[in-house]
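Colleague: Turn this into a model:
(2 chains)
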Amino acid sequence: MELISPTDLAKEKVLTVQDYVLFCVHALANLFRKPLYFADMIQQADAIGVGSLPIVVLTGFFTGAVLALQASNTLERFGSITLVGQLVSTSMVRELGPVLTSLMVAGRNSSGMASELGSMVVTEQIDAMRALGTDPMKKLVTPRVVATVFMLFFLTIISDLVGLVGGLAIAKLLLRLDARQYWSNAWETLVFQDAFMGLIKPVIFGFIIATVGCFYGMNARGGTQGVGRATTQAMVAASVLILMMDLIVTRFLMATLSYH
Amino acid sequence: MSAPALPLDSAALKTQENSAPAVVFENIELAFGDKEVLRGISFHLRAGETKVIFGVAGSGKSLILKLSLGLIRPDSGRIIVLGEDINQMREEQLFDLRRRIGMVFQESALFDSLTVRENVAYRLTEEHGVYDDEIDRKVREALRFVELEQTLDLYPSELSGGMRRRVAIARALITQPELLLYDSPTGGLDPVTSNTIIELIMKQRDVNKTSALLVTHRLQDAFTLATHEFDPKSNRMVQLPPGKQCSVPFTFLILRDGKVIFDGDLYQLAHTEDEYIKEYIS
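Modeller: Residues are numbered from 1 along each chain as shown, chains lettered A, B, ... in the order given. A predicted model of the protein is given here:
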């Protein structure tokens, strides 16, 4: 294996970050330039949103359920088992709903976008598109970004709701808690800041999923092996970026929204 | 192959002679890393002229086509395409220019998730404002031109290599571009299919007088184009009498080590004193 000097490696990484930032700016700027490819956005929204619904529902349900189960164990020691609803709702809405939904969608779609666009690059279809007078950034990237941001927002809401239902199932069936009490606990504990934090995150994460997937796909080199590499890198990069941004966004919002 | 009647708009059939050159390369340099690929490439493609670009593999033939489209930028030099200095143009402006150019890629580069109909109609659907009936008519005409009307609803993966190449030609021709770029259109095809493709290129050259750059490594294709002419009456190509050249300008450009070593017509090529070229064409 060829060894790369640390300087070259650092330069390469900085260049990749620079290219990614320019790529994101370009993708966003296309929102204000015609044509907008509305039909492609709808098609992508269907593929990304509706297609991801089953895994998002399953993930949300089991996360809510296991959260209730784990919380019950701790809360029981303090005699506060009735607070299970509160704990499930705040955890799901603020944190686990957006993050786990995003990770699931990243696993499914970030890699999917990278492989799809990567295949188009290595078979010269992207060049052909440019040769035919179409901007691939406008036609392929911007619709995917818009569709992912839009659909992840709603998928997260669905995941939150299903997570609460999962928690309810455990509270009712295993912990023998009153369903109405669980719901009122879960509902009343939520404040504007929770909902705001839980809904701003999918917008940011959706942007990361689509731009990272498209970025790796559009920069795929080296035939089918290159496409495979781009696919893996896209999923890994998107997942790590989501978790990193989650920490930053959470810290920022907690400071600015004056959490108590 | 006997080709069908031409589907082309009469407005597009104008001869472009005596107008500005279609393509001008002035001292083009291009390197990838430390490797110099093109070193001072200069040539003119007159309006209506077809220029065949020869060279061994890796000599930069396909790069000339990509440079002409602005898909890649040269390190130095000037490229003028259809009167526009493309080095001075932003990517956004290049899209308008590219709509006036047709390109047939080496491996066809058809969109594999679209049907043949959608592939051929791509440019028209992107233009917006073109009615579906009109698109359908033009798609059928373009596919009839390449004798593949029956493949309308098939996907590229369901076609043979030669059929894919013909669909790519139909896609490039549908808007009657002012300049055509063919990147090894017969590469990897059997002789019979290659002949069909060459006849289509000849038809476009002789009937529409479209300026074209044709990259190939198959000498026999270039010589067929140089020694035959398309006869619209019989709808097939016919051999020219010995000593007679085709009515539209037809020239050769030979590359070696990133440089142009020959740029001239069949007569000049046949009488060249360059040993490398003699060996190459023998």
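
Colleague: alpha carbons only for contacts and neighbour counts from here, please
Modeller: Noted.

Colleague: quick one: the helices in the stretch 51-200 of chain B?
Modeller: Along the stretch 51-200 of chain B, counting by DSSP state H, counting those that start in this stretch, helices occupy B:61-69, B:91-98, B:116-127, B:132-145, B:161-173, B:191-208.

Colleague: do chain A as well
Modeller: In chain A, the helices defined using DSSP state H lie at A:6-29, A:38-45, A:51-77, A:84-91, A:97-105, A:111-122, A:125-131, A:136, A:142-173, A:179-188, A:192-218, A:223-256.

Colleague: Now tell me what touches the shortest one from outside.
Modeller: Same thing as helix A:136. For helix A:136, contacts defined as C-alpha atoms under 8 Å, 6 or more residues apart in numbering or on different chains pick out A:Ile126, A:Met129, A:Arg130.

Colleague: Over to the fifth one?
Modeller: Among residues not part of helix A:97-105, those counted as contacts by C-alpha under 8 Å, 6+ apart are A:48, A:52, A:55-56, A:59-60, A:91-92, A:152, A:155-157, A:159-160, A:163, A:198-199, A:201-202, A:205-206, A:209, A:239, A:242-243, A:246.

Colleague: Kindly report the residues of the stretch 51-200 of chain B close to chain A.
Modeller: Within the stretch 51-200 of chain B, the positions lying close to chain A (C-alpha under 8 Å from any C-alpha of the partner chain) are B:69, B:71, B:92, B:94-99, B:101-103, B:105, B:107, B:109-111, B:123, B:126.

Colleague: Show the buried residues in these.
Modeller: B:69, B:71, B:94-95, B:97-99, B:101-103, B:105, B:107, B:109-111, B:123 (16 or more other C-alpha atoms under 10 Å in any protein chain shown).

Colleague: Check the stretch 101-250 of chain B for the residue nearest chain A and tell me.
Modeller: Residue of the stretch 101-250 of chain B nearest chain A, by C-alpha to the nearest C-alpha: B:Ala109 (5.0 Å).

Colleague: and the gap between the closest residue in space to that residue that isn't next to it in sequence and B:Thr216?
Modeller: Once flanking residues are discounted, B:Ala109 sits nearest to A:Gln125: 5.0 Å by C-alpha to C-alpha, 6 or more residues apart in numbering or on different chains. Here A:Gln125 is placed at a distance of 20 Å from B:Thr216 (C-alpha to C-alpha, to the nearest Å).

Colleague: Likewise for B:Leu97?
Modeller: For B:Leu97 relative to B:Thr216 (C-alpha to C-alpha), the value is 24 Å.

Colleague: pLDDT wise, what is the residue in the stretch 151-260 of chain A positioned nearest to chain B at?
Modeller: Nearest to chain B, among the residues of the stretch 151-260 of chain A, is A:Gly223, at 13.6 Å (C-alpha to the nearest C-alpha). Model confidence at A:Gly223, given as pLDDT, is 86.

Colleague: Could you check how far it is from A:Ser80?
Modeller: Separation of A:Gly223 from A:Ser80 (C-alpha to C-alpha) stands at 58 Å.

Colleague: Then A:Asn30?
Modeller: A:Asn30 sits 52 Å away from A:Ser80, taking C-alpha to C-alpha as the criterion.

Colleague: Those two: who's more crowded?
Modeller: Neighbour count, other C-alpha atoms under 10 Å in any protein chain shown: between A:Asn30 and A:Ser80, A:Asn30 has more, with 19 against 12.

Colleague: Who are the contact partners of that one?
Modeller: Counted by C-alpha under 8 Å, 6+ apart, A:Asn30 has contacts A:Leu36, A:Met137, A:Lys138, A:Thr142.

Colleague: tell me the two of the residues you listed that are most distant?
Modeller: A:Leu36 and A:Met137 (10.9 Å; C-alpha to C-alpha).

Colleague: if we can go back for a sec, now list the buried members of the contacts of helix A:97-105.
Modeller: Those of those that meet the buried threshold are A:48, A:52, A:56, A:59-60, A:91-92, A:152, A:155-157, A:159-160, A:163, A:198-199, A:201-202, A:205-206, A:209, A:239, A:242-243, A:246, by 16+ other C-alpha under 10 Å.

Colleague: Can you give me the pLDDT of the residue in the stretch 1-150 of chain A positioned nearest to chain B?
Modeller: Residue nearest to chain B within the stretch 1-150 of chain A (C-alpha to the nearest C-alpha): A:Gly133, separated by 4.4 Å. pLDDT, A:Gly133: 89.

Colleague: check contacts around B:Ile174.
Modeller: Taking C-alpha under 8 Å, 6+ apart as the definition, contacts of B:Ile174 comprise B:Val120, B:Ala121, B:Arg123, B:Lys138, B:Val139, B:Ala142.

Colleague: repeat for A:Val50
Modeller: A:Val50 sits in contact with no residue, where contact means C-alpha under 8 Å, 6+ apart.

Colleague: what do you get if the cut-off is 10 Å, keeping everything else the same?
Modeller: By C-alpha atoms under 10 Å, 6 or more residues apart in numbering or on different chains, the contact list for A:Val50 reads A:Gln44, A:Val56, A:Met151, A:Leu155.

Colleague: Looks like the last one contacts A:Leu58 (just checking).
Modeller: No - assessed by C-alpha atoms under 10 Å, A:Leu155 is found out of contact with A:Leu58, at 11.8 Å.

Colleague: Was I right to think B:Thr193 contacts B:Val146?
Modeller: No - in this structure, B:Thr193 is not within contact of B:Val146 by C-alpha under 10 Å, at 11.7 Å.

Colleague: Between the two, which contacts overlap?
Modeller: Joint contacts of B:Thr193 and B:Val146 (C-alpha under 10 Å, 6+ apart) are B:Met163, B:Arg165, B:Arg166, B:Glu199.

Colleague: bridging residues for B:Leu179?
Modeller: With DSSP bridges as the criterion, B:Leu179 is bridged to B:Ile101, B:Ser211.
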